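In: Quick one: sequence plus predicted model below, questions after.
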Amino acid sequence: MKNILVTGAAGFIGSAFARYMVGKYPDYNIIVYDKLTYAGNLDNLLPISDEENYRFERGDIADRAVLQQALETHQIDTIVNFAAESHVDRSILQADAFIHTDVVGVFILLDEAKKHGIGRFLHVSTDEVYGDIEDGHFSVETDTFAPNSPYAASKAGGEMMVRAYHITHGMDTVITRGSNTFGPYQYPEKLLPFFITEAIEDKPLPVYGDGLQVRDWLFVEDHVTGIDTALHHGKSGEAYNIAGEDNRTNIEVTRALLGHLGKPDSLIKHVPDREGHDRRYAMDCTKLRGLGWQRAHNFESGVKLTVDWYRDNAWWWQKIKTGEYLEFYKRQYAARLASADNE
Ligand code: NAD
Ligand code: TYD
């Protein structure tokens with residue numbers, strides 16, 4: 001392992017991984033390959049932009065010609081794939097890009113990796129492939145897939161292709177399935193960065209339905225170390241859950257954010273629910289712990305770091321909340337907020 005192509009690393013988790021890898025492994029070259037969609041942001045890579053062992057290439061994982069060039073120019077021997085369309089609400093409004101990147105793109109990336117004799121191929125996936133989890137159960141890696149949103153279905157499709165390339169072509173693959181991740185540099189459409197930045201500006205927080213949906217919350221730095229562990233120690237052909245093991249309802253999360261910000265609960269608005277909304281995600285990550293991984297943060301410490309970061313870095317998110325972002329906001333929230341109920 002020497003020259004690692006990290007795809008989708010101008011986004012939230014991938015950029016955290018790139019920043020971490022560049023510092024932790026000076027002998028590795030980290031080549032970020034990203035299409036720079038609305039979610040890709042070179043500001044996320046500014047802290048490493050002058051490092052010797054970091055390079056950036058703009059490209060689509062579904063574009064064979066550009067991909068081939070990057071694989072050859074940088075003599076890539078390892079791939080870590082973060083590239084994806086990642087927001088459930090956008091997949092409900094329009095799923096085309098999800099199929100393009102999360103299914104077709106993953107296939108093309110695998111196919112070019114095979115042709116170029118790439119060694120390890122780590123594919124970053126999600127707990128959403130398991131679907132809605134009944135109370136008391138914690139998903140394990142052998143559970144069946146039951147994706148419910150177009151996003152989850154596209155990620156499940158990508159995973160199936162990774163499996164097929166391992167079994168059919170003997171590729172050295174590892175899959176990680178992370179839970180809901182939060183932290184600095186997350187595009188302000190996901191629950192935490194959206195609500196934190198809206199609350200800072202005293203805007204309403206649209207909680208879907210009763211807000212009693214449960215997610216497992218994982219701080220981004222722990223997600224990154226989990227991927228590093230699976231990359232170096234994971235067994236070929238296996239999948240590993242990465243969980244925060246901190247299960248909370250959306251309303252609890254929202255109140256915690258407001259508490260840290262010193263803002264009133266009256267900003268909470270209950271709005272019509274997300275279509276097909278999964279009630280509960282919960283995972284067991286005993287398997288990854290067996291490789292030596294453990295979390296460094298809990299929800300409380302992670303939220304404090306996250307809230308402080310957004311408060312101190314308005315320059316980062318204020319320029320995002322313009323143009324295309326406002327179009328999405330209008331499509332997603334205008335009608336919902338018009339029929340909102342107060343807490
Ligand atoms: P993100 O939306 O912040 O970033 C995605 C990145 O991929 C962007 O930089 C974007 O420009 C890039 N990209 C999109 N399509 C591309 C293409 N066709 N070719 C090249 N680059 C492309 O996403 P994130 O939250 O950082 O998620 C990263 C990965 O982790 C995704 O695979 C996602 O499914 C998975 N994941 C996310 C979470 C979470 O809570 N955010 C949890 C578990 C798993
Ligand atoms: P999100 O951050 O979109 O992640 P995911 O859908 O992948 O779990 O949403 C997390 C939870 O927060 C989910 O149950 C939906 C809910 N949510 C709201 O209630 N309001 C919102 O505006 C958003 C974006 C999410």
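Out: Structure's in. What do you need? Ligands and ions are numbered 1, 2, ... in the order given.
In: hmm, the strand or helix carrying Gly157 touching ligand 2?
Out: Assigned by DSSP states H and E, Gly157 belongs to helix 150-169. No: judged by C-beta under 6 Å from any ligand atom, helix 150-169 stays clear of ligand 2, getting no closer than 7.2 Å. C-beta: built from backbone N, CA, C; applies to glycine.
In: Now do that helix: which elements does it pack against?
Out: If contacts are counted by 3 or more C-beta pairs under 8 Å, 6 or more residues apart in numbering; DSSP states H and E, helix 150-169 sits against helix 88-93, helix 96-98, helix 106-115, strand 120-126, strand 172-178.
In: so which of the ones you listed gets nearest ligand 2?
Out: Smallest distance to ligand 2 across those (C-beta to the nearest ligand atom): 4.0 Å, for helix 88-93.
In: and that closest one, anywhere near ligand 2?
Out: Yes: against ligand 2, helix 88-93 shows contacts by C-beta under 6 Å from any ligand atom at Val88.
In: and that helix, what does it pack onto?
Out: Against helix 88-93 (3+ C-beta pairs under 8 Å, 6+ apart) you get helix 96-98, helix 150-169, helix 324-338.
In: winner for burial among the ones you listed?
Out: Compared across the helices and strands packed on helix 88-93, helix 150-169 shows the largest average neighbour count, a mean of 20 (mean count of other C-beta atoms under 10 Å).
In: Report the distance from it to the chain centre.
Out: 17 Å (C-alpha atoms, centre = their mean, to the nearest Å).
In: report the angle between the axes of that helix and strand 172-178?
Out: 160 degrees (axes from the mean of the first three to the mean of the last three C-alpha atoms, to 10 degrees).
In: What mean pLDDT does helix 150-169 get?
Out: The pLDDT scores in helix 150-169 average 98.
In: what's it in contact with?
Out: 84-88, 90-92, 95, 98-99, 101-103, 105-107, 110-111, 114, 121, 123, 125-126, 128-129, 131, 145, 147, 171-173, 175, 236-237, 239, 278 (C-beta atoms under 8 Å, 6 or more residues apart in numbering).
In: May I have it as PDB, with CA atoms only?
Out: Output in PDB follows, covering the C-alpha atoms of helix 150-169 (Å, rounded to 0.1, in the frame of the first residue of the first chain):
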ATOM      1  CA  PRO A 150     -33.700   5.200  -3.200                       C
ATOM      2  CA  TYR A 151     -30.400   6.200  -1.500                       C
ATOM      3  CA  ALA A 152     -30.300   3.000   0.600                       C
ATOM      4  CA  ALA A 153     -31.200   0.900  -2.400                       C
ATOM      5  CA  SER A 154     -28.500   2.500  -4.500                       C
ATOM      6  CA  LYS A 155     -25.900   1.800  -1.800                       C
ATOM      7  CA  ALA A 156     -27.100  -1.800  -1.500                       C
ATOM      8  CA  GLY A 157     -26.700  -2.200  -5.200                       C
ATOM      9  CA  GLY A 158     -23.100  -0.800  -5.100                       C
ATOM     10  CA  GLU A 159     -22.300  -3.300  -2.300                       C
ATOM     11  CA  MET A 160     -23.700  -6.200  -4.300                       C
ATOM     12  CA  MET A 161     -21.300  -5.300  -7.100                       C
ATOM     13  CA  VAL A 162     -18.300  -5.200  -4.800                       C
ATOM     14  CA  ARG A 163     -19.300  -8.600  -3.500                       C
ATOM     15  CA  ALA A 164     -19.500  -9.900  -7.100                       C
ATOM     16  CA  TYR A 165     -16.100  -8.600  -8.000                       C
ATOM     17  CA  HIS A 166     -14.600 -10.300  -5.000                       C
ATOM     18  CA  ILE A 167     -16.200 -13.600  -5.600                       C
ATOM     19  CA  THR A 168     -16.100 -13.700  -9.400                       C
ATOM     20  CA  HIS A 169     -12.800 -11.900 -10.000                       C
END
